[in-house]
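[1] can't give you the sequence, but here's the structure:
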């Protein structure tokens, strides 16, 4: 067990280091000199050179990488070129929107997907299954931004239940803040839930054909109890895998959804930073997202061991 | 008064009739043997009694258990019966237990469900039941997971689950088919004791006539969903009045004709194995200590002469298959040398092995799993041809495949079919065709007939014998089934814990075993002759 954990942890850290190198290298290659960008078109070559030296842009690549990576570790992400404030302040402001949004979306998609998967799997081939799978097929096919617009039209414009966009801030109270995150979370969650429900269904169907399900039924457990007690946990491994992979898509999805709903989150920040060539912000936010995805997948790996005793005793 | 009474039971799945007018009864304390070949409807009969049939199955007729009309019973009534009054044990112990739950949870679950007792009480009863089936607390605490147990131990857990609430009827569907003979004998003993203790009725389903004869008071023989013959076991099998009964009995004892036998040492050996050992990395107990390796094969030496047929027998996990893999150069030995046709094959590269591979082929146990379902027979059977120096032209290749198919009793038309179009026995013929297409000198066969029905098994054994006589192919038969060893081999090697503990002429070793391991194998092996004789003697 400890060996398994240790191995997973080392792999996660190595991935993180490698990803940071790639992020750093990609932004190095992209044309555009941040110093020239900051000083404007009229700056002389000398002025640019002085600023380059000040910003440490003339140091060798490896030194700059280490400097940057060291900064990341101490949460010093540098200063934004366009806002002229520490990147960490920008991130701190935005993460309180994006993190709850992602978590609510993740929770929603799981809460929707598992029961749908259970329902469909236990009624395989019957009308209920066909309808549920038709709906999920639709959910997989529909892009989330279109879905978001439809939600806005229905719940904000027509029913006037929730605001159509914007974020009042947590200082305005928990409920108003949550309310403005609700639609975006649903828009993010439903397409994910559709995929997850299909995965859960096929995983469950496979498990339901296993011999031990028959053993459990021969014990006298009703079908429903067998489904919940024996099938679900065994079907969790593929579901968890997809859940981990989906988290990355969820984060990418927030970039679009935050723009649709005018939410001041990380997604919008990184979108604006890209259009303004604020590379240091892009770098930092991308690294943060990478770290989040790696952390979630590490969690998924650990939860495998919780679900499956065979992993605990193996090397 | 019967406990279970099946009258005129017919069953269809969709439009396919499975059972036709089956009659069967089990009295309290009685063992009823239900015998038949695969597809005869044995398991479906059992699942009808449990009402665990596939969704599309429709049953008509009458099934009464303890006064309850099973076919008319509601699902709630059935849930109350299952696991409480009727227990069931299945064929495949490796997959019959939920891998993510402890054995304690799984045994206690049914007890809690039916008796509504507390967790502690249920666990207490589960503990007692596990003790009863031979899994003592010191070695098998309730917190063990199925993957930490061997096949035989898992089958004991399944029996504990089925018998935890002292059911009136136990249905055992091929309970020992996946186990080696020694484990089989132990499990059968356990079942016999449980029947005697609780006056439980036992419906024992098996394809193995010898097993049923040893166990059952009465026997029902099923074929294509119809009862062929039913009656007292000893009488039915000694008189063999029904032609199908006779056919089954003869097939189970079938010995193929092999006029030419080969003794070792007569010629230059084809295969020589000298002091071969194979270690596997053991389980690491600590991060800082090196794991002690597990020795799967321990200093084994043997030799096979051209055309000789040798059996390698032993219990599961004794190292037979590992040894075979090393002989086939699919696994590397830790030490020792293997020579094939006088050339050393240990430590050679894949390219250097090519000529040896041509002369050495393999037939596996599972005729279902060893073919790619999306390839046609022509391609599947021609597979080993890539080891030839010169690639045959397409026409030539077809010719060779047709010839190989002919030799195993299939037609050239079969070349364009897919594996699923063949029955189990035909598929095993295909694997044999694939093995002999390169004209090998040696075929290693790993349990080649243990997945087959007795009549098919007899045919395949005949085929092996014929190819041995006609083409002079030497065999290494890996098996735990002594009847197979006796039927088709000249010499036998008994393996135990990685070592060869006894060797000699097959009849000599099997009739007069010397080592403990060989004695245990011989004593446990079911034998139809012996079983009938014992039955008749008991009845006087």
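    It's in. Because the structure is predicted, anything quoted here is derived from the model rather than measured.

[2] Surely residue B:32 forms part of a strand?
    Yes: judged by DSSP: H, G, I helix; E, B strand; the rest coil, residue B:32 forms part of a strand.

[3] now it: how far from chain A?
    To chain A, residue B:32 is 18 Å away according to Cβ to the nearest Cβ, to the nearest Å. C-beta coordinates here come from the backbone N, C-alpha and C atoms, glycine included.

[4] how much space is there between that residue and residue B:309?
    Remark: distance between residue B:32 and residue B:309 (Cβ to Cβ, to the nearest Å) = 39 Å.

[5] do residue B:385 as well
    Note on residue B:385: its distance to residue B:309, by Cβ to Cβ, is 25 Å.

[6] In terms of packing, which of these two has more residues around it?
    Taking other Cβ atoms under 10 Å in any protein chain shown, residue B:385 and residue B:309 do not tie; residue B:309 has more neighbours (26 against 18).

[7] phi, psi of the more buried one?
    Torsion angles at residue B:309 (phi, psi; degrees, to the nearest 10) stand at phi -120, psi 120.

[8] Quick check: beta-bridge partners of it?
    Going by DSSP bridges, residue B:309 is paired in beta bridges with residue B:475.

[9] Do a quick rundown of the helices in the stretch 201-315 of chain A.
    Secondary structure of the stretch 201-315 of chain A (DSSP state H, counting those that start in this stretch): helices at A:211-218, A:223-226, A:232-260, A:266-275, A:279-307, A:309-313.

[10] For the shortest one, list every residue counted as buried.
    Spelled out, that is helix A:223-226. Under the neighbour-count criterion of 16 or more other Cβ atoms under 10 Å in any protein chain shown, helix A:223-226 has A:225, A:226 buried.

[11] Please name the nearest non-neighbouring residue to the residue in chain A that chain B sits nearest to.
    Using Cβ to the nearest Cβ, the single residue of chain A nearest to chain B is residue A:220, 3.3 Å away. Counting by Cβ to Cβ, 6 or more residues apart in numbering or on different chains, residue B:83 is the residue found nearest to residue A:220 once chain neighbours are left out, at 3.3 Å.

[12] Roughly how far does that neighbour sit from residue B:464?
    Residue B:83 sits 44 Å away from residue B:464, going by Cβ to Cβ.

[13] interface residues of chain A facing chain B?
    Residues of chain A found near chain B (Cβ under 8 Å from any Cβ of the partner chain) are A:2-3, A:210-212, A:214-223, A:225, A:229-230, A:233-234, A:307-310, A:313, A:315.

[14] Buried members of the residues you listed into ChimeraX, please.
    Of the residues of chain A next to chain B, the buried ones go into a single ChimeraX selection, burial set by 16+ other Cβ under 10 Å:
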select /A:210,211,212,214,215,216,217,218,219,220,221,225,230,233,234,307,308,309
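
[15] so who does residue A:272 touch?
    residue A:278 (Cβ atoms under 8 Å, 6 or more residues apart in numbering or on different chains).

[16] Give me the pLDDT for it.
    On pLDDT, residue A:272 comes in at 89.

[17] what does the stretch 51-200 of chain B put close to chain A?
    Near chain A, when you scan the stretch 51-200 of chain B using Cβ under 8 Å from any Cβ, you find B:52, B:75-76, B:79-84, B:87-88, B:90, B:92, B:95-102, B:106, B:109-110, B:113-114, B:145, B:147-148, B:158, B:161-162.

[18] Tell me which entries of those lie within helices.
    B:75-76, B:79-81, B:106, B:109-110, B:113-114, B:158, B:161-162 (DSSP state H).

[19] Relative to chain A, which of the residues you listed is nearest.
    For these, the nearest to chain A is residue B:110 (3.8 Å; Cβ to the nearest Cβ).

[20] Run through the residues that contact the closest residue to chain A within the stretch 51-200 of chain B.
    Relative to chain A, the nearest point of the stretch 51-200 of chain B is residue B:83 (3.3 Å; Cβ to the nearest Cβ). When contacts are counted by Cβ under 8 Å, 6+ apart, residue B:83 is found next to A:218, A:219, A:220, A:221, B:110, B:113, B:114, B:161, B:162, B:164, B:165, B:167.

[21] Does the fifth one touch residue A:219 like I think?
    Spelled out, that is residue B:110. Yes: contact criterion Cβ atoms under 8 Å: residue B:110 and residue A:219 qualify, at 3.8 Å.

[22] Return every residue with contacts to both of the two.
    Residues touching both residue B:110 and residue A:219 by Cβ under 8 Å, 6+ apart: B:83, B:161.

[23] can you tell me how far the residue of the stretch 51-200 of chain B closest to chain A sits from residue B:65?
    With the distance defined as Cβ to Cβ, residue B:83 ends up 14 Å from residue B:65.

[24] which other helices and strands contact the helix or strand bottoming out on mean pLDDT in chain A?
    Least confident element among the helices and strands of chain A, by mean pLDDT, DSSP states H and E: helix A:34-39 (a mean of 72). Judged by 3 or more Cβ pairs under 8 Å, 6 or more residues apart in numbering or on different chains; DSSP states H and E, the packing partners of helix A:34-39 are helix A:45-55.

[25] what about whichever residue of the stretch 401-540 of chain B sits closest to chain A, how many neighbours?
    The nearest approach of the stretch 401-540 of chain B to chain A comes at residue B:451, 16.7 Å away (Cβ to the nearest Cβ). Residues lying near residue B:451 (other Cβ under 10 Å) number 20.
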